[in-house]
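# when you get a sec, could you give me coordinates for this:
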Amino acid sequence: MSQRAVSVGVIANPSSGRDLRRLLSWASVFPTGEKVNVVLRLISAMGSLGVSEVWMLPDSAGIAARVRDTAAIGRAQRNLALPRVRLLDMRVRDCAQDSAEAAAQMVRQGVGLIAVLGGDGTHRAVASTCARVPLLALSTGTNNAFPEMREATTAGMAAALIATGKVDEAIGLRANKRLRITGARVDEFALVDVCLSRQLATGARAVWRGEDLVEVCTSFGEPNAIGLSAIAALACPVSRDDPFGAHVRFGPGRTLMAPLLPGTMQQVSIASARRFSPNEPLWLTPAAGTIAIDGEREIELDGQERLRVELDLLGPRTVAVARTLEYAARQGLLFDLPNPAGCA
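Prediction:
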């Protein structure tokens, strides 16, 4: 009886790690060549642990094509255990919709999970169409909170253990929160934060001036973060697993020093900071300005519209890399003969 072919998706955003914040701070640049190398390390680990096929988003930078060709050479000339790489048949527009459309196609192809290389915005786009297919979240953007910086090899190991069923989803996946923003003409969601800013136009989209901030809601905020969620994290820390979020209003009060950009500390005045629960909708202050979703200005406001923010537990499921690998090690799953008794 033949073994079931294991297929995964990989979405690598060619634009992540290249935004305006590189002009405003000392944020790292993530070049195309390095993204190619990251994907190759990722799928090499996956192939060694049973993944046979990878679907990729075609991109104008040529990341997917280079990965496909390099993997084919590695299989043919070096007998490497690299999966067969296939490119989706889709028109690329160099926008967030590419990632959303690619994720939807990958779901229809029956992938076991989708690895995402990008920032918070890329992950939000993928989460909008991935349904219940889990994500492997890898950071290649700026000020990221949702995806984590990880070595692609070990991340690929964990992803393969989930995709092949060697580690049960109940053990290896994390449930995530999200924020939903609704109004008369708005129905969006954020994975990490929603911020009301006094900046009147979406412009370059980044939010970098503390004096422009009116209020911010976060699904989680961890003190080692950078960006808008870092403010909430330092004023009212909330973990990914806590069943509540944080709400911060800016104004006269205590002054907080926070890292809004890589290498850039700013003072912000905190009027109030508190937790809020999933059954507690928040009404944002009516004000002319913009709403930033996951760190980028998306919606322009005239000061009349009332927007509501609610926390729910319907965010995408993600691979808990450390937990998955720890379980695999304790169960001896990477030995040729597994030994659940461990190293007695």
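
# please count neighbours and contacts with C-alpha atoms only from this point.
Noted.

# so where's this structure shaky on pLDDT?
1-3, 16-28, 141-143, 338, 340-344 (pLDDT under 70).

# let me see the domain layout of it.
7-176+316-331, 178-312 (automatic domain parsing).

# so what strands line up beside the single longest strand found in the chain?
Secondary structure assigned by DSSP state E gives strand 245-261 as the longest strand of the chain. Strand 245-261 pairs in its sheet with strand 213-218 (antiparallel), strand 264-276 (antiparallel), by DSSP bridges.

# how about the contacts made by M149?
138-140 (C-alpha atoms under 8 Å, 6 or more residues apart in numbering).

# could you rerun that using 6 Å?
Contact partners of M149, counting by C-alpha atoms under 6 Å, 6 or more residues apart in numbering, are S139.

# ok, V38 next?
V38 neighbours (C-alpha under 6 Å, 6+ apart): A152.

# re earlier: select, out of the domains of the chain, the one closest to L337.
Closest approach to L337 among those is made by domain 7-176+316-331 (10.5 Å; C-alpha to C-alpha).

# I'd assumed L136 was in a strand, is it?
Yes - under DSSP: H, G, I helix; E, B strand; the rest coil, L136 falls within a strand.

# which residue ranges of the stretch 51-200 of the chain form helices?
63-78, 96-109, 120-127, 152-163, 169-172 (DSSP state H, counting those that start in this stretch).

# and of these, who's closest to P262?
That would be helix 120-127 among the helices of the stretch 51-200 of the chain, by C-alpha to C-alpha, at 15.5 Å.

# show me what that closest one is packed against.
helix 96-109 (3 or more C-alpha pairs under 6 Å, 6 or more residues apart in numbering; DSSP states H and E).

# which residues touch the helix it packs on?
Under C-alpha under 6 Å, 6+ apart, the answer for helix 96-109 is 57, 125-126, 129-130.

# make it 10 Å
Helix 96-109 is contacted from outside by 7-13, 15, 54-59, 87-93, 111-116, 121-133, using C-alpha atoms under 10 Å, 6 or more residues apart in numbering.

# now do that helix against helix 120-127, angle only.
On the basis of axes from the mean of the first three to the mean of the last three C-alpha atoms, to 10 degrees, helix 96-109 is oriented at 40 degrees to helix 120-127.

# next, the buried residues of helix 96-109.
Residues of helix 96-109 classed as buried under the neighbour-count rule (16 or more other C-alpha atoms under 10 Å) are 96, 98-107.

# looking at those, which one is closest to G210?
A96 (26.4 Å).

# returning to that earlier point: what's the closest of the helices of the stretch 51-200 of the chain to R41?
Of those, nearest to R41 by C-alpha to C-alpha is helix 152-163, at 5.2 Å.

# so which elements touch that closest one?
strand 7-12, helix 32-48, strand 114-118, strand 135-139, helix 169-172, strand 318-319, helix 321-331 (3 or more C-alpha pairs under 10 Å, 6 or more residues apart in numbering; DSSP states H and E).

# hmm, who's touching the fourth one?
When you say that, I think you mean strand 135-139. 9-10, 12, 16-17, 38, 112-120, 122-123, 126-127, 144-152, 155-156, 158-159, 173-174, 316-321.

# buried subset of those residues, written for PyMOL?
The PyMOL selection below is limited to those of the contacts of strand 135-139 classed as buried (16+ other C-alpha under 10 Å):
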select buried, resi 9+10+12+16+17+38+112+113+114+115+116+117+118+119+120+122+123+126+127+144+145+146+147+152+155+156+158+159+173+174+316+317+318+319+320+321
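
# quick one, which of the helices and strands packed on helix 152-163 is nearest to S269?
strand 135-139 (29.5 Å).

# now do the buried residues in the closest one.
Applying 16+ other C-alpha under 10 Å to strand 135-139 flags 135-139 as buried.
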